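Q: After the sequence you'll find the predicted model.
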Amino acid sequence: MDTNAMTIIDIDKAIYDMVQKSYADDKLFGSVIQNPKQYPAYTTKDGLIYHQNRLCIPSNDRETCETLLKAYHDDQNHFGIPKTQAAISQDYLWPGITSDVKKNIHSCDSCACNKPPTQAPAGLLHPMPIPENRFSEIAIDFVRPFPTFHGYDIIWVITDRLTNYVKIEPLKSTATALEIANLFYRTWYK
């Protein structure tokens, strides 16, 4: 036995009235309403414009577009971009429908929270190898922000990875690479 699913979206009659009123100000569909015989690809019925049996929504009627996006995405199981695009495009047409569907779905809080991850799970952590000699490998950190004291606003921390010997030096945030290299030489090698 085959089971077919059919979704019926019920749109409020007020939306059709809003669409009809928006045609007059629209650049694309306003001329179709004024001269329907010049546009044989479009048909008009009850003051509404249809293209291949799809209701044409004016691009200046953002409220209707958002209502339809909500009805076809938020109220219908939060399908992804292709399914939502196909469902809306089956009944409606407006300029920029594809980008509107993408923006709506990318900004959907429910989809962002419930979307399963699409990347491979992270592998196990690999620790850094233990150094063989003292002072052969060091770790350097710049810790900030700190209140300025005598012009110094950063703490520079140098740590030997094997012995955990630590050297802490105050540093100015305006220090250049040459000044940091000189400070490193004076404090670590002497």
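A: Received it, and whenever you're ready, just let me know what you need.

Q: Quick check: residue 167 vs residue 132, distance?
A: Note on residue 167: its distance to residue 132, by C-beta to C-beta, to the nearest Å, is 21 Å. (C-beta placed from N, C-alpha, C; glycine too.)

Q: Compare the two (neighbour count), which wins?
A: Using other C-beta atoms under 10 Å, the more surrounded residue of residue 167 and residue 132 is residue 167, with 14 against 8.

Q: Would you verify that the more buried one is located in a strand?
A: Yes: counting by DSSP: H, G, I helix; E, B strand; the rest coil, residue 167 is part of a strand.

Q: okay, it: pLDDT?
A: Note on residue 167: pLDDT of 93.

Q: and the residue positioned nearest the centre of the chain, what does it touch?
A: For the chain, the residue sitting closest to the mean C-alpha position, by C-alpha atoms, centre = their mean, is residue 106 at 5.4 Å. For residue 106, the contact set (C-beta atoms under 8 Å, 6 or more residues apart in numbering) is empty.

Q: My reading is that residue 155 lies in a helix. Confirm?
A: No: with three-state DSSP as the criterion, residue 155 is strand rather than part of a helix.

Q: Against residue 172, how distant is the nearest residue to it once chain neighbours are set aside?
A: Among residues not flanking residue 155 along the chain, residue 143 sits closest, at 4.4 Å (C-beta to C-beta, 6 or more residues apart in numbering). Distance of residue 143 to residue 172, computed by C-beta to C-beta: 14 Å.

Q: where do the contact lists of those two overlap?
A: Residues touching both residue 143 and residue 172 by C-beta under 8 Å, 6+ apart: residue 154.

Q: Tell me where the protein is predicted with low confidence.
A: Scanning the chain for pLDDT under 70 picks out 1-12, 190.

Q: so where do the strands sit in it?
A: Applying DSSP state E to the chain gives strands spanning 42-45, 48-51, 54-56, 92-93, 138-143, 154-160, 166-171.

Q: which helices and strands sit right next to the first one?
A: Judged by 3 or more C-beta pairs under 8 Å, 6 or more residues apart in numbering; DSSP states H and E, strand 42-45 is in contact with helix 27-34, strand 48-51.

Q: where does the last one sit relative to the chain's centre, distance-wise?
A: Relative to its chain's centre, strand 48-51 lies at 33 Å (C-alpha atoms, centre = their mean, to the nearest Å).

Q: For it, list every residue counted as buried.
A: For strand 48-51, burial by neighbour count (16 or more other C-beta atoms under 10 Å) applies to 48-49.

Q: Contacts for it next, please.
A: With contacts defined as C-beta under 8 Å, 6+ apart, strand 48-51 is touched by 16, 19-20, 23, 29, 32-33, 41-44, 55-56, 93.
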